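> Provided below for reference: sequence and predicted model.
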Amino acid sequence: MAIEDRTKILLGPNYEKMGKIKVSIAGIGGVGSIIPLILARTGVKKFVLVDKDVVDSSNLNRQIAYDFQDINTRKIDAISQKIEKISQNIEISTHFSRIDDTFDFEIFKDSDFIVDAIDDLHAKVLLIKYALTNNIKIISSLGMGNRIDSTKIEITKLNKTTEDPLARKLRYLLKKEGLDISKIDVCYSKEKPIVKDKVIASIGTVPNAAGLAIVSEIVKKVCME
């Protein structure tokens, strides 16, 4: 069987839709790194990848896309190479950049989906504001650190989140911008954070489950259109 055959059985005629969408992923770390690898296996051919970091040994406990050979490699480059080994005829636009007030958001202009998998609150606000203003579907990942239980991951609207300090801050900032938080899709954990140190702790269960949940949400949205 070919790589796409079992996916075609499940998605039917909707499989062809997956090959026509463009997905932009901002943040290729704990949550974001698994997303393009699964989407490429699900028929997506066009990606925009944005990240400002290189792979560090401290990433390997939870960012399953990477291994020792990737250390000191820019994450956007490491992921691009892995995607190209999965599927043919892939189009990848990479941007080694921090998302801030000087960032060129027009790189996202023809995206069907934006995945916000970044940690910086100001960057998240800028990204969400751009997506809503330009009618681009966005799914924002919230706090996945200091958690263990992957079964507590949920996709919902930002105004319905609980037990997430990051969501609380994000709601406040977006309301100040006059944005309707009931229209913002988020991936969050209902698990109460387990705080044992000033350093945010993490294992592979929750961030990767969040990435998979976001992929599932994109597939569902595409197949329902």
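Sure, I can see it. Nothing here was measured: the structure is a model prediction, and the numbers come from that model.
> In the lengthiest helix in the chain, which of the residues would be classed as buried?
Looking across the chain with DSSP state H, the single longest helix is helix 205-224. For helix 205-224, burial by neighbour count (16 or more other C-beta atoms under 10 Å) applies to 205-215, 217-219, 222. All C-beta spots, glycine's among them, are computed from the backbone N, C-alpha and C.
> cool, stretch 13-33 as well?
14-15, 17-18, 21-33.
> Could you count how many residues lie near I99?
23 (other C-beta atoms under 10 Å).
> quick one: contacts for it?
Going by C-beta atoms under 8 Å, 6 or more residues apart in numbering, I99 touches A26, V50, I118, D120, A123, L126, L127.
> Does the third one touch I128 like I think?
No. I118 is not in contact with I128 according to C-beta atoms under 8 Å; the separation is 10.7 Å.
> Find the nearest non-adjacent residue to S150, please.
A209 (3.6 Å; C-beta to C-beta, 6 or more residues apart in numbering).
> I'd like to know which of the buried residues of helix 205-224 is nearest to S111.
Nearest to S111 among the buried residues of helix 205-224 is I218, at 11.4 Å by C-beta to C-beta.
> Find the nearest non-adjacent residue to the closest one, please.
Closest to I218 by C-beta to C-beta, 6+ apart is F113, at 5.5 Å.
> now T151
In space, T151 is closest to A209, 7.9 Å off (C-beta to C-beta, 6+ apart).
> just so I have it, where are all the helices in this structure?
Using DSSP H, helices in the chain cover 5-11, 15-18, 34-41, 75-86, 121-133, 165-176, 205-224.
> pLDDT of the fourth one, averaged?
Averaged across helix 75-86, the pLDDT comes to 96.
> circling back: show me what contacts the residue nearest to I218?
I21, K22, V23, S24, I136, K137, I138, I139, I218, K221.
> list the contacts for the closest residue to the first one other than its chain neighbours?
Once flanking residues are discounted, I21 sits nearest to D112: 4.1 Å by C-beta to C-beta, 6+ apart. Applying C-beta under 8 Å, 6+ apart, one finds that D112 lies in contact with I21, K22, V23, I136, K137, V222.
> Would you list the phi and psi of D112?
phi -90, psi -30 (degrees, to the nearest 10).
> and it, how far is that from Y130?
15 Å (C-beta to C-beta, to the nearest Å).
> Spatially nearest residue to E163, not counting backbone neighbours?
The nearest residue in space to E163 (C-beta to C-beta, 6+ apart) is K192, at 5.0 Å.
> count of neighbours near that neighbour?
Neighbours of K192 using other C-beta under 10 Å come to 13.
> So for it, what pLDDT did the model give?
pLDDT, read off for K192, is 92.
> With K196 instead?
In this model, K196 carries a pLDDT of 89.
> Next, count neighbours for it.
Neighbours of K196 (other C-beta under 10 Å): 8.
> contacting residues around G143?
By C-beta under 8 Å, 6+ apart, the neighbours of G143 are D164, P165, L166, A167, Y188, S189, P193.
> so who does the residue nearest to the last one when sequence neighbours are not counted touch?
Okay, so that is P193. Once flanking residues are discounted, P193 sits nearest to N146: 4.0 Å by C-beta to C-beta, 6+ apart. Residues in contact with N146 (C-beta under 8 Å, 6+ apart) are P193, I194, V195, K196, I200, A201, S202.
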